[in-house]
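> Below are the sequence and a predicted model for it; my questions follow.
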Amino acid sequence: MVLASGGSPLGGSGIYGNGFLPAVHQASLIDPSQTEPLTNITPREAASRQRKRLRFVEQVDHRQLAQSGHNEQIESAIRNYETAFRMQTAVPSLVDLSEETEATRRLYGMDSPVKETAAYGQQCLLARRPVERGLRFVEITCLPQPSVLAQIGNPWDQHAGLKAGHAEMAQQVDQPIAGLIRDLKQRGLFEETLIVWAGEFGRTPFAQRSDGRDHNPFGFSVWLAGGGIKCGTTYGATDDLGYHAIKNVTTVYDLWATVLHVLGVDHEALTYRFGGRDFRLTDVHGRIIREILA
């Protein structure tokens, strides 16, 4: 599930798509700012009639599958129809926050006079609810900065107006994220939930234009919290300028090898055959960063 107030996050479905996996693994985009948070989630006909129609479509698909043999597209379509039917009952209750207390709403910053903070807080609160129900992966996305100095629609990517833009983005996410962590702890979910906070890059230690910074892929920070991660740990360091990583240098492959390990998956053993070869989520790289594990 991808939570994004105001529409699809920057980069579109490419950043949460199923890639070379079957379509059933495509994430669902939930927009809590809309009356209908998931497109076409409201049934247009009686459930009994819809169930009969879907059963007929499924029978036709299975007949076609039997004639054509293994067909990934047909198999995915069958699973997708069934998943969509179940989501029509699950999603409306999932996004209904009427049962949440005012204290919980305040914890997440939903009472903030800053609308971006309130909207991001709503996303964080909504993220907790599917976690409680057993959903394995939830992605939360930042809203654009309101500042005229910022690049509209491009959170954290301050090629200009860095001080104003970063301050606004920090104000947007700080309280909601803290609220999410505290709420997960209160409900006994923190130790079984892994939180990964990351952006596309770091920023260069030198200016771009007059008051911005360019992308820096050579040294940047990602933080993790929750299940399997050692609290209060800093691992790695950049040079004195904050430009290149020079101590305990790790890669994005190492990060995801570690995340998969915490989730109980051996990143070297998990493969998926596509286009004639076996793919790994960490390609042919990656080592588990055991120093940060609890």
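It's in.

> So which residue is smack in the middle of the chain?
The residue lying closest to the centre of the chain (Cα atoms, centre = their mean) is residue 139, at 1.7 Å.

> so what's the backbone phi/psi at that residue?
For residue 139, the backbone dihedrals are phi -110, psi 130 (criterion: degrees, to the nearest 10).

> Please give me every residue in contact with the closest residue to it other than its chain neighbours.
Sequence neighbours aside, residue 2 is the residue nearest to residue 139 in space, at 4.6 Å (criterion: Cβ to Cβ, 6 or more residues apart in numbering). Just so you know, the C-beta spots here come from the backbone N, C-alpha and C atoms, and that holds for glycine as well. By Cβ atoms under 8 Å, 6 or more residues apart in numbering, residue 2 lies in contact with 9, 16, 27, 28, 29, 30, 138, 139, 141.

> can you pick the most crowded of those residues?
residue 30 (23 neighbours; other Cβ atoms under 10 Å).

> quick revisit: what separation is there between the residue nearest to the centre of the chain and residue 131?
Distance, residue 139 to residue 131, using Cβ to Cβ, to the nearest Å: 12 Å.

> before we move on, back to that, which ones among the contacts of residue 2 map onto strands?
29, 30, 139 (DSSP state E).

> Quickly list what the first one is bridged to.
Beta-bridge pairing for residue 29 (DSSP bridges): residue 2.

> Give me the below-cutoff pLDDT ranges for the stretch 1-150 of the chain.
147-150 (pLDDT under 70).

> just the helices in it please.
In the stretch 1-150 of the chain, the helices defined using DSSP state H, counting those that start in this stretch lie at 47-68, 72-94, 102-107, 115-132.

> so residue 72 touches residue 22, yeah?
Yes - using Cβ atoms under 8 Å, residue 72 makes contact with residue 22 at a distance of 5.7 Å.

> which of these two has more neighbours?
residue 22 (15 against 12).
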